[in-house]
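[1] Here is my input; please provide its structure:
(one chain, ligands or ions: 1)
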Amino acid sequence: MVMDKLGDSLQGALRKLIGANRIDENVVNEVVKDIQRALLTSDVNVKLVMDMSKRIKERSLKEEPQKGADPREHVVRIVYQEMIGIMGKGATIDLKPQTIMMVGLQGSGKTTSVSKLARWFQKKGLKPAVIGADNFRPGAYQQLKILCDKLNVHFYGEEGETDAVGIVKRGLKEIEKYDIKIIDTAGRHALEADLIAEMEAINAIANPDQKFLVLDAAIGQQAGVQAKAFNDAVGITGIIITKLDGTAKGGGALSAVSEINAPIAFIGTGETPDDFERFDADRFISRLLGMGDLQSLLEKVQESMKESDLNVENIMKGRFTLNDMYAQLEAMNKMGPLKQVMKMLPLGSMGLGGAKLSDKDLDETGQKMKVYKVIMDSMTEGELNDPKIISAARIKRIAMGSGRSPDDIRELLKYHKNMQNAFKNFAGKGGGRSMQKMMKKGGMGGMGDLGGNMPF
Ligand SMILES: Nc1nc2c(ncn2[C@@H]2O[C@H](COP(=O)(O)OP(=O)(O)OP(=O)(O)O)[C@@H](O)[C@H]2O)c(=O)[nH]1
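    Got it, this is the predicted structure:
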């Protein structure tokens with residue numbers, strides 16, 4: 001994963017929080033200090049880090065946790081929200097015909113990103129074409145042409161031509177029929193007057209819908225300065241951060257958005273044409289904080305729920321029976337090996353106290369789920385529908401029937417109760433509606449609200 005080091009440090013900080021007996025000022029201060037260290041090491045701007053730390057402290061101690069939320073989750077949620085504040089929510093990319101101008105300094109990964117972007121649109125079913133207007137760097141024409149040819153992307157260029165504006169003018173005419181017109185402009189070692197003049201002229205004749213600034217993740221805090229300069233020159237509408245796979249300093253580029261108020265659109269995560277992803281703040285920050293890749297998890301949940309007997313309507317009204325839990329365990333089984341599913345889960349869910357899950361833990365949890373199913377197989381339909389009727393005598397009977405101890409039965413009932421409460425809590429916050437909406441649309445919906453209370 002990209003930004004592993006930052007992710008590990010942030011998760012270390014949150015683990016301290018989740019492991020604390022109670023949340024007080026000392027704990028919050030200590031956790032904030034760890035977060036500060038992690039962000040500064042990854043080169044996020046000092047002022048941003050300080051402002052964010054102050055807000056996390058104030059909000060953690062002043063704001064009331066949402067009803068039913070654990071104080072630890074409350075702080076984790078604040079950290080998550082403040083991280084989104086720093087990195088932004090990400091850009092919306094319309095899947096419709098448009099012109100995109102790419103700008104950036106030499107060596108930032110601009111040419112490579114042009115071809116990756118073309119490929120991205122191509123995979124979405126749109127027809128991209130590229131204009132190579134970088135006539136400054138020797139070899140740029142050939143490099144881009146080869147990349148485009150490999151991807152079957154139409155390329156327009158004029159080797160040896162020195163007038164970049166002329167190339168763009170003629171190129172736009174030639175690629176008129178294409179859906180996505182991407183213009184690669186020249187870079188320099190620094191932003192100089194002639195580069196600005198050229199970008200302005202291309203901007204004026206192409207009138208691009210998007211102006212993407214390509215930033216090398218390794219430039220660290222310089223990212224903010226660069227972003228501001230390019231933004232002043234042509235008005236940046238989105239940022240592409242390249243080489244996030246190869247540096248621990250990506251925090252500088254990731255937080256450059258706050259300098260210019262332009263969202264991060266894409267991130268480059270390797271050298272091949274497919275190492276290119278939309279920047280989705282929910283996904284990215286959830287992963288960094290170890291809150292799990294909620295989106296990916298949800299996609300899996302949606303798929304398996306479609307095929308399961310789960311009564312989603314009822315669950316979303318806060319009614320979650322043992323029968324539902326049985327169906328849910330079956331659905332989880334269909335989602336694939338527990339080890340993979342669990343990696344997507346938020347820290348601290350399933351009562352594991354936020355510990356980094358070892359393979360041994362995961363095996364044990366998988367084993368436990370199997371036991372739960374065996375126990376539920378020994379229950380009557382009435383008990384499965386209404387666990388409240390399970391008295392001490394019934395616990396004994398179920399234990400006998402399933403070959404487990406009464407403590408195992410009580411543990412299962414407690415686990416069920418916890419999940420039921422989490423669902424009730426979520427439904428009470430209007431999460432039910434969001435969940436249904438989300439399931440229809442396949443989007444994130446209100447899951448952010450569920451946070452560490454994910455009842456899976
Ligand atoms: N690991 C990794 N390498 C990348 C990524 N993006 C680009 N590169 C590499 O970075 C180097 C420079 O990229 P180019 O696309 O040639 O640079 P450029 O910004 O176009 O340079 P100019 O055309 O002079 O502006 C190449 O070796 C790319 O393969 C990325 O996301 N990850």
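[2] residues contacting the closest residue in space to Leu322 that isn't next to it in sequence?
    In space, and not counting its chain neighbours, Leu322 is closest to Leu384: 4.4 Å by C-beta to C-beta, 6 or more residues apart in numbering. (C-beta placed from N, C-alpha, C; glycine too.) Shown in contact with Leu384 (C-beta atoms under 8 Å, 6 or more residues apart in numbering): Thr321, Leu322, Asn323, Tyr326, Met376.
[3] if you look at those, which of them are in helices?
    Leu322, Asn323, Tyr326, Met376 (DSSP state H).
[4] Just the closest of those residues to Val75, please.
    Val75 lies nearest to Leu322 out of those, by C-beta to C-beta, at 32.6 Å.
[5] Verify the stated contact: that closest one with Asn385.
    Yes. Contact criterion C-beta atoms under 8 Å: Leu322 and Asn385 qualify, at 7.4 Å.
[6] give me the residue from this structure nearest the ligand.
    Gly268 (2.5 Å; C-beta to the nearest ligand atom).
[7] That residue: what's it in contact with?
    Contacts of Gly268 (C-beta under 8 Å, 6+ apart): Gly109, Thr112, Ser113, Lys116, Ile240, Ile241, Thr242, Lys243, Leu244, Asp245, Asp275, Phe276.
[8] so which of these also contact the ligand?
    Gly109, Thr112, Thr242, Lys243, Asp245, Asp275 (C-beta under 6 Å from any ligand atom).
[9] Just put the residues you listed in a markdown table and tack on pLDDT.
    Below are the ones next to the ligand among the contacts of Gly268 laid out as a markdown table (pLDDT from 0 to 100):
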| residue | pLDDT |
| --- | --- |
| Gly109 | 94 |
| Thr112 | 95 |
| Thr242 | 96 |
| Lys243 | 94 |
| Asp245 | 89 |
| Asp275 | 90 |
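[10] need the residues of this structure near the ligand, please.
    Proximity of the chain to the ligand is confined to 104, 106-112, 134, 137, 140, 187, 242-243, 245-246, 268-271, 275 under the rule C-beta under 6 Å from any ligand atom.
[11] make it 5 Å
    Residues of the chain found near the ligand (C-beta under 5 Å from any ligand atom) are 106-112, 137, 140, 187, 242-243, 246, 268, 270-271.
[12] how does the protein divide into domains?
    4-87, 98-279, 292-453 (automatic domain parsing).
[13] Who are the contact partners of the closest residue in space to Gly109 that isn't next to it in sequence?
    In space, and not counting its chain neighbours, Gly109 is closest to Thr242: 3.3 Å by C-beta to C-beta, 6+ apart. With contact taken as C-beta under 8 Å, 6+ apart, Thr242 is in contact with Ser108, Gly109, Thr112, Ser113, Val214, Leu215, Asp216, Ala217, Ile267, Gly268.
[14] one more time with 7 Å, if that's ok
    Ser108, Gly109, Ser113, Val214, Asp216, Ala217, Gly268 (C-beta atoms under 7 Å, 6 or more residues apart in numbering).
[15] surely the second one meets Val214?
    Yes. Counting by C-beta atoms under 7 Å, Val214 is a contact partner of Gly109 at 5.9 Å.
[16] Of Leu322 and Asn385, give the one with the bigger neighbour count.
    Leu322 (21 against 14; other C-beta atoms under 10 Å).
[17] ok so, going back, can you list phi and psi of the residue lying closest to the residue of the chain closest to the ligand once chain neighbours are set aside for me?
    Residue nearest to Gly268 in three dimensions, not counting chain neighbours: Thr242, with 3.7 Å by C-beta to C-beta, 6+ apart. Main-chain dihedrals, Thr242, degrees, to the nearest 10: phi -100, psi 160.
[18] And for Lys150, the neighbour number?
    By other C-beta under 10 Å, 11 other residues sit near Lys150.
[19] In a strand, it, correct?
    No. Assignment of Lys150 by DSSP: H, G, I helix; E, B strand; the rest coil gives helix, placing it outside any strand.
[20] one step back: continuing past the helix or strand harbouring the residue nearest to Leu322, what's the next helix or strand?
    Following DSSP states H and E, one finds Leu384 within helix 381-385. Downstream of helix 381-385, the first helix or strand assigned by DSSP H and E is helix 392-402.
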